[in-house]
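>>> Sharing a model prediction with you, sequence too.
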Amino acid sequence: DAVVYSAIMHGHAKQARQTGDPKHVDESERLLLEMLESNIKPDEYSFTTLINTCAQIGDVDRASQWFSEMKSRKLKPNVMAFGALFNAYSKIGDLVLTEELLNEMKRETVKPNSIVFASILHACSNARNMGNDSKSLDLAENVLKELKDPSNAIKPNSSQLTACIRLHALHSNDARPRLWVKWMLDKGVNANTVRSAYDRKILKQLLAGSVCTSH
């Protein structure tokens, strides 16, 4: 049934994350199409898992295609489905698609979770080669305002901190990313959870008051 198929697809999503091998997307697509041909109705989790698998290898086109297919079948994307597509967009730093999806999520009154916040911030930090310097900071600022809202129960995490560190490295002349980083640290995000040696170096320079530049 759908649960069994989705469980197998979830395994492919994990493998895609670990290996980046597109064969896992191909196999997940095959499984979902097999479900349809066998009159087994895929549910929201089935589609979300496939979208997530596409996102893991940065296949934005197929992630968007299956998100649209999900909606065409009258299945309403939940925050996990939105988060999977945001993750795909974050890998290529496409701020146009990111903003469009954010607006759609708001229209559908789906509240963002920590994954959504992190993916949008990473999209902003990856937009360096798209001529969107000001736009990336403005979008990040809007997201941070929502994250800081007292009515929001979601706490900042290490992934969001990493994105803000990278924004600071890219835009060291703008004070905003530095303030976001310090706010997250004040909120209890552990600096030791930052994985990359480069990001840790930038964070150390930031806290010491040095000027940081992108590598």
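Perfect, I can see it now.
>>> how far does whichever helix in the chain runs longest sit from the chain's center?
Across the chain, the longest stretch assigned as helix under DSSP state H is helix 2-19. Put simply, helix 2-19 sits 19 Å off its chain's centre (CA atoms, centre = their mean, to the nearest Å).
>>> Which secondary structure elements does it sit against?
helix 23-37, helix 44-56 (3 or more CB pairs under 8 Å, 6 or more residues apart in numbering; DSSP states H and E). In this view, the C-beta of every residue, glycine as well, is placed from N, C-alpha and C.
>>> Which strands and helices lie in contact with the first one?
Under the contact criterion of 3+ CB pairs under 8 Å, 6+ apart, the helices and strands touching helix 23-37 comprise helix 2-19, helix 44-56, helix 60-72.
>>> and if we set it to 6 Å?
Using 3 or more CB pairs under 6 Å, 6 or more residues apart in numbering; DSSP states H and E, the elements in contact with helix 23-37 are helix 2-19, helix 44-56.
>>> Direction-wise, compare it with helix 60-72 and give the angle.
20 degrees (axes from the mean of the first three to the mean of the last three CA atoms, to 10 degrees).
>>> Only C-alpha atoms, please: export helix 23-37 in CSV.
Extracted C-alpha coordinates of helix 23-37, given in CSV (Å, rounded to 0.1, in the frame of the first residue of the first chain):
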residue,chain,number,x,y,z
LYS,A,23,19.4,7.4,-9.6
HIS,A,24,17.5,7.7,-6.3
VAL,A,25,15.2,10.3,-7.8
ASP,A,26,14.7,8.0,-10.8
GLU,A,27,13.8,5.1,-8.6
SER,A,28,11.4,7.2,-6.4
GLU,A,29,9.7,8.5,-9.5
ARG,A,30,9.3,4.9,-10.7
LEU,A,31,7.7,3.9,-7.4
LEU,A,32,5.2,6.7,-7.4
LEU,A,33,4.2,6.1,-11.0
GLU,A,34,3.9,2.4,-10.2
MET,A,35,1.5,3.4,-7.4
LEU,A,36,-0.6,5.4,-9.8
GLU,A,37,-0.7,2.5,-12.3
